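1. This is a predicted model, with the sequence first.
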Protein chains: 2
Amino acid sequence: MELLEKRIREEGKVLPGDILKVDGFLNHRIDPMLLDALGREFARLYKDSGVTKILTVEASGIAVAVMAGLHLGVPVLFAKKHRTANLSHDVYAADVFSFTHKTTYSIAVAKAYLTDMDRVLIIDDFLANGAAIRGLSSLVSQAGASLAGAGIAVEKGYQGGGDALRGEGMRIESLAVIESMDSSTGEIRFRR
Amino acid sequence: MELLEKRIREEGKVLPGDILKVDGFLNHRIDPMLLDALGREFARLYKDSGVTKILTVEASGIAVAVMAGLHLGVPVLFAKKHRTANLSHDVYAADVFSFTHKTTYSIAVAKAYLTDMDRVLIIDDFLANGAAIRGLSSLVSQAGASLAGAGIAVEKGYQGGGDALRGEGMRIESLAVIESMDSSTGEIRFRR
């Protein structure tokens, strides 16, 4: 998506250690008009997929998910993060290993809000190794719901998580896929 | 706001201990269409206040803040929560005591994204004792920014936090103010 790639090129900061900072418009300071456009694009991509619910994870997934939900006309459910496994009988939970923080956290949703009648679109701001998407996908499976696919704002293509999930048959639509970055020059190359 | 009060009356659950559960449409499962209407109403209330930025706190404030930002046409900054004080020189931080969880957490925003040129509208989903609003207001002061006021989806009027802030001169616009609740009957009375 040209609008998003342009914004990443103009305002994203490439830091050593393969870190892309986009906290000026996506995950700290948020540009609602940009996110509205992303939500509209996800709705266009998934409009014929029978989506009944959007699933994301707090915190930075919420803004883009709610815009996608607005344009698809479906509710948004956000999984809550916990430091420890949530053992309540009222929730579906999954462990997620964060490669960024080198720790495992648990995500959970209330069983009441995700059922076997749902067809779910997972939305998140970032996809790197795919651990968060796998965790969310596990919640969908536990509920007996079906998965329409995932919509991602920024995929770090070179980390391979998205392609691995595609190889397993999951539909992944990423609005910008980064093929490579160079922290010495600040150059960002997108997948075509 | 009749639309929100109706939704609270129909779907809110009053639990013992003055707890109002609205996680079916506001802070776990989110109704984007309702939040779009709330955002539109905040924009109407604050359209002549010169707002340049919306400030909220993760996680459940984000969805309503981004909708308000969309309708006001301004960026949204969400403060991040930490368990311990964030001592980085790059952030403004404040401590917030959570009456719900009986713990103190720290909230922080990057200095780069809140400046003395900003006129800030604070948005949050809930106002009870007002501790979160005071913490966010402290970030605004630390940045030398000016405060236009606060926009709240649901205020627990009987806890007094909103009225205390109004008494100190802060403009607070709450779209539903709960005067009293009864967990034995489930009755909810709104302020007129």
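-> Received, thanks. Residues are numbered from 1 along each chain as shown, chains lettered A, B, ... in the order given.

2. element containing the most centrally placed residue in chain A, please.
-> Residue closest to the average C-alpha location in chain A (Cα atoms, centre = their mean): residue A:124, at 1.6 Å. Per DSSP states H and E, residue A:124 falls inside strand A:119-127.

3. returning to what we had before: give the contact list for the residue nearest to the centre of chain A.
-> Taking Cβ atoms under 8 Å, 6 or more residues apart in numbering or on different chains, we find residue A:124 in contact with A:56, A:57, A:61, A:64, A:65, A:132, A:133, A:136, A:150, A:151, A:152, A:153. From N, CA and C alone the C-beta is placed, and that goes for glycine too.

4. I'd say the first one and residue A:65 touch.
-> Same thing as residue A:56. Yes. Residue A:56 is within contact range of residue A:65, at 3.7 Å (criterion: Cβ atoms under 8 Å).

5. Which neighbours do those two have in common?
-> A:76, A:78, A:123, A:124.

6. Chain B: which of those is nearest?
-> Comparing those against chain B with Cβ to the nearest Cβ places residue A:76 closest, at 4.4 Å.

7. ok, what's across the strand from that closest one?
-> Judged by DSSP bridges, the bridge partners of residue A:76 are residue A:54, residue B:30.

8. Quick check: it vs residue B:36, distance?
-> Residue A:76 sits 12 Å away from residue B:36, going by Cβ to Cβ, to the nearest Å.

9. Looking at these two, which is more packed in?
-> Of the pair residue A:76 and residue B:36, residue A:76 is the one with more neighbours under other Cβ atoms under 10 Å in any protein chain shown, namely 27 against 20.

10. The more buried one reaches residue A:65, doesn't it?
-> Yes. Using Cβ under 8 Å, residue A:76 and residue A:65 qualify as a contacting pair, with a distance of 4.8 Å.

11. Please enumerate the shared neighbours of the two.
-> By Cβ under 8 Å, 6+ apart, the residues touching both residue A:76 and residue A:65 are A:54, A:55, A:56, A:123.

12. and the third one, that's in a helix?
-> No. Residue A:56 sits outside any helix when classified using DSSP: H, G, I helix; E, B strand; the rest coil, being strand.

13. okay, it: pLDDT?
-> In this model, residue A:56 is scored at 98, pLDDT.

14. and residue A:132, that one's in a helix?
-> Yes. Residue A:132: assigned to a helix according to three-state DSSP.

15. so how far is chain B from it?
-> 15 Å (Cβ to the nearest Cβ, to the nearest Å).

16. Ok, residue A:189 next?
-> Applying Cβ to the nearest Cβ to residue A:189 and chain B gives a distance of 26 Å.

17. what's the helix or strand for that residue?
-> strand A:187-190.

18. Which positions in that strand come out as buried?
-> A:188, A:190 (16 or more other Cβ atoms under 10 Å in any protein chain shown).

19. now stretch A:167-187
-> A:170, A:172, A:173, A:174, A:175, A:176, A:177, A:178, A:181.

20. Taking those together, which two end up most distant?
-> A:170 and A:181 (24.5 Å; Cβ to Cβ).

21. Contacts only, for residue A:103.
-> Per Cβ under 8 Å, 6+ apart, neighbours of residue A:103: residue A:97.

22. so where do the helices sit in chain A?
-> In chain A, the helices defined using DSSP state H lie at A:2-11, A:32-46, A:61-72, A:131-142, A:161-167.

23. Skip the chain neighbours and tell me the closest residue to residue A:130.
-> Spatial nearest neighbour of residue A:130, excluding adjacent residues (Cβ to Cβ, 6 or more residues apart in numbering or on different chains): residue A:161 at 2.9 Å.

24. So which bits of chain A are right by chain B?
-> A:23-25, A:28-33, A:35-36, A:58-59, A:62-63, A:66-67, A:69-70, A:73-78, A:80, A:109-110, A:113 (Cβ under 8 Å from any Cβ of the partner chain).

25. Type out the ChimeraX command that picks the buried ones from those.
-> For the buried members of the residues of chain A next to chain B, the matching ChimeraX selection, counting by 16+ other Cβ under 10 Å, is:
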select /A:23,24,25,28,29,30,31,32,35,36,58,59,62,63,66,67,69,70,74,75,76,77,78,80,109,110,113
